[in-house]
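**Q** Need coordinates for the following:
(chains A and B, ligands or ions: 2)
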Amino acid sequence: MKVLIIALARNNQINPNLANVLTAAHKISSVCDVLVLGAADLSKVTSYSGITSIYHAANLTSNDLLASNLTESLANIAKGYTHVLMASDSAGKDLLPRVAGFLDMGQISDVLAISSPNIFKKPMYAGNIIAEVESFDEIKFLTIRTICFDAVASSGNAAVVNKELLVDTDNKIQFVSEKLSVIETVGLASAKRIVSGGRSLGSKESFDEVIGGFAVKIGAAIGASKAAVEAGYANNDCQVGQTGKIVAPELYIAVGVSGAVQHIAGMKDSKKVLAINNDPNAQIFEYADYGYVGDLFEVIPEIMRGL
Amino acid sequence: MKVLVAAKRVVDPNVRVRVKADHSNVEIEHSKMSLNPFDENAIEEAVRLKEKGLVTEIVALSIGTIKSEETLRTALARGCDRAILVESNENYEPLNIAKIFAHIAKEEKPDLILLGKQAIDDDANQMAQMLAGKLNLPQVTCASSLDVNGNSIRVVREIDAGNETLEINLPAVISADLVLNEPRFIKLPQLMMAKKKPIEKKLAADLGLDLSAHSRLISVTDGEVKKQCKFLTNLNDVVNVIKANGV
Ligand SMILES: Cc1cc2nc3c(=O)[nH]c(=O)nc-3n(C[C@H](O)[C@H](O)[C@H](O)COP(=O)(O)OP(=O)(O)OC[C@H]3O[C@@H](n4cnc5c(N)ncnc54)[C@H](O)[C@@H]3O)c2cc1C
Ligand SMILES: Nc1ncnc2c1ncn2[C@@H]1O[C@H](COP(=O)(O)O)[C@@H](O)[C@H]1O
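**A** Ligands and ions are numbered 1, 2, ... in the order given. All right, here's what the predicted structure looks like:
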């Protein structure tokens, strides 16, 4: 058994969720290589425990890093492994199924538990259902739901081997630009606390003032329901849920969020949930540890005064 | 430009699915079914491009049981010109769906294949990428806007940290995010018109493809985690809950 984890650099950084993917990898094998694509500071990565070798293909542009351009070379590298893992984030979801499909192999998305080297658990129907599946493929391609695995310890000292990667840039696709969200710098996926707002905020101004103000006060990241995103109160990258981010903070505060299954899908693994809603029958209370029934526009300022 | 769009029949997003007593699968026999919401976005976008005069024909493809004909009628009512049903009682995994799509794409030769980013039953988010990999076509997943310029499309793609803009040359595969557009409401005349549009039927087994399974569903369990909510009546207690979290 030999595992490869692929990690893409963005802005010279490697997502710390790599440490969680490593824990998943170690449930499969103790032989575990990491392939880093793109220029990045690897000082943290080298300290992660349980890495056999780190291969670093640093000399890649944003254009080279597009899934369409990487497929063939990654498919060739994958052939040397029994399992190829990526975090189930926007890079992993984009790239790994393409490499698997190119090799005529299947892929398992959002693995949340590893029962054996070929049996995995994954969510279906917005996480209402957990399926256990067996893969028959020669190489198992898995994207890992990182909130379901702890981060490995930082007691490692892996060596970095430089790697040349041939990228297939036949100009069928070109990277033009990227716009990174300011809010994301607080890191929704790794935040300890999240304040999430819904449609009930009524306007972008109220959302920024009430949810934004509350979040700053308690050092929380900002989340939102799809309805709030659709209404333009919050950015798309704040969305929590089936089609947004999957989060598991220590404390999730849902403010004026109804608790639709698709929203619950993204936050139900939070350690503690506090829900504030003016409807005592709101579904969100069924998934909350603590509830307060009241008008958010009165309740939130009152809470902030009490803090 | 000719567009091939996907139309998967799935359990309606408002239905709460239940696990079968023997845990072999979910119970969907009598559930309300719908066109996959992300496919609605894909179809809506194709129709808008047609209304702008940029698209000449929209072909909808569904793979599923004979009941998927109903789903294709919805796609036709939404503005697709014709439909293809590849019939099978198998619940194919995304890889096999991608093989069937690739087969039909080779026959139909679309300039653009527009799919949903994920099916809301398996939540896989794989098919578009697998298809693009198989056909060796460039891909953009989770598209939130499309701007067609002759033989290329400028696509904004949603990513965890914000978004990125890519320029993709046709032929290409694009998968739609929910924010791509707001699908229109279909009216009765469109539903009536859809009845007259052609649906071509093929059997998956007749396509000459290797559709053997690459994985097996062992069992399913209920993933719901309901909690016992402690209702607080005093805001001081709410403040204390927050403070207990280290604030
Ligand atoms: C395919 C698909 C995918 C989806 N993916 C997602 C997803 O990823 N994330 C997501 O969130 N949704 C998703 N949805 C949408 C989801 O079904 C709900 O529509 C959405 O979550 C509702 O958002 P909301 O709770 O803000 O709005 P509403 O349902 O309108 O709820 C507003 C809530 O605020 C309360 N309220 C109103 N005024 C006040 C006040 N003054 N004080 C306190 N409380 C108040 C109301 O009682 C109500 O409970 C998806 C839907 C589909 C079909
Ligand atoms: N049986 C099917 N028939 C038609 N389109 C499908 C089918 N399965 C998947 N798709 C398309 O592929 C997308 C991604 O599906 P998935 O990878 O299963 O999440 C869906 O949004 C559909 O557009």
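
**Q** What separation is there between the residue positioned nearest the centre of chain A and chain B?
**A** Nearest to the geometric centre of chain A sits residue A:89, at 4.3 Å (C-alpha atoms, centre = their mean). Applying C-beta to the nearest C-beta, to the nearest Å, the value for residue A:89 to chain B is 5 Å. Glycine gets a C-beta too; all of them are placed from N, C-alpha and C.

**Q** quick one: that residue from residue A:135, how far?
**A** 21 Å (C-beta to C-beta, to the nearest Å).

**Q** Not counting sequence-adjacent ones, nearest residue to residue 241?
**A** Answering for chain A, as no chain was given. Leaving aside its chain neighbours, residue A:241 sits nearest to residue A:266 (3.8 Å; criterion: C-beta to C-beta, 6 or more residues apart in numbering or on different chains).

**Q** my bad, chain B
**A** residue A:290 (5.2 Å).

**Q** Check the one you found and give its pLDDT.
**A** On pLDDT, residue A:290 comes in at 98.

**Q** what residues are up against residue 125?
**A** All of this refers to chain A. B:11, B:17, B:26, B:120, B:121, B:123 (C-beta atoms under 8 Å, 6 or more residues apart in numbering or on different chains).

**Q** um, chain B though
**A** So residue B:125 contacts A:93, A:97, A:109, B:117, B:118, B:141 (C-beta under 8 Å, 6+ apart).

**Q** number of nearby residues for residue 153?
**A** Looking at chain A here, since you left the chain open. 13 (other C-beta atoms under 10 Å in any protein chain shown).

**Q** nope, chain B
**A** 24.

**Q** I'd like to know which elements the strand or helix carrying it is packed against.
**A** Using DSSP states H and E, residue B:153 maps to strand B:152-159. The helices and strands touching strand B:152-159, judged by 3 or more C-beta pairs under 8 Å, 6 or more residues apart in numbering or on different chains; DSSP states H and E, are helix A:90-102, strand B:139-149, strand B:162-169, strand B:172-176.

**Q** who does the longest one touch, helix- and strand-wise?
**A** Counting by 3+ C-beta pairs under 8 Å, 6+ apart, the packing neighbours recorded for helix A:90-102 are strand A:3-8, helix A:67-78, strand A:83-87, strand A:140-144, helix B:94-108, helix B:127-135, strand B:139-149, strand B:152-159.

**Q** tell me what the first one is packed against?
**A** In this structure, strand A:3-8 packs against helix A:18-26, strand A:32-37, helix A:67-78, strand A:83-87, helix A:90-102, with contacts taken as 3+ C-beta pairs under 8 Å, 6+ apart.

**Q** what's near enough to touch residue 181?
**A** No chain specified, so I'll use chain A. So residue A:181 contacts A:235, A:237, A:238, B:161, B:162 (C-beta under 8 Å, 6+ apart).

**Q** Chain B is the one I meant
**A** Counted by C-beta under 8 Å, 6+ apart, residue B:181 has contacts B:41, B:44, B:45, B:48.

**Q** do the same with residue B:141
**A** A:67, A:93, A:94, B:117, B:125, B:128, B:129, B:157, B:174, B:175.

**Q** now it: how far from residue A:287?
**A** From residue B:141 to residue A:287 the distance is 29 Å (C-beta to C-beta).

**Q** Please apply the same query to residue B:20.
**A** Taken as C-beta to C-beta, the span from residue B:20 to residue A:287 is 24 Å.
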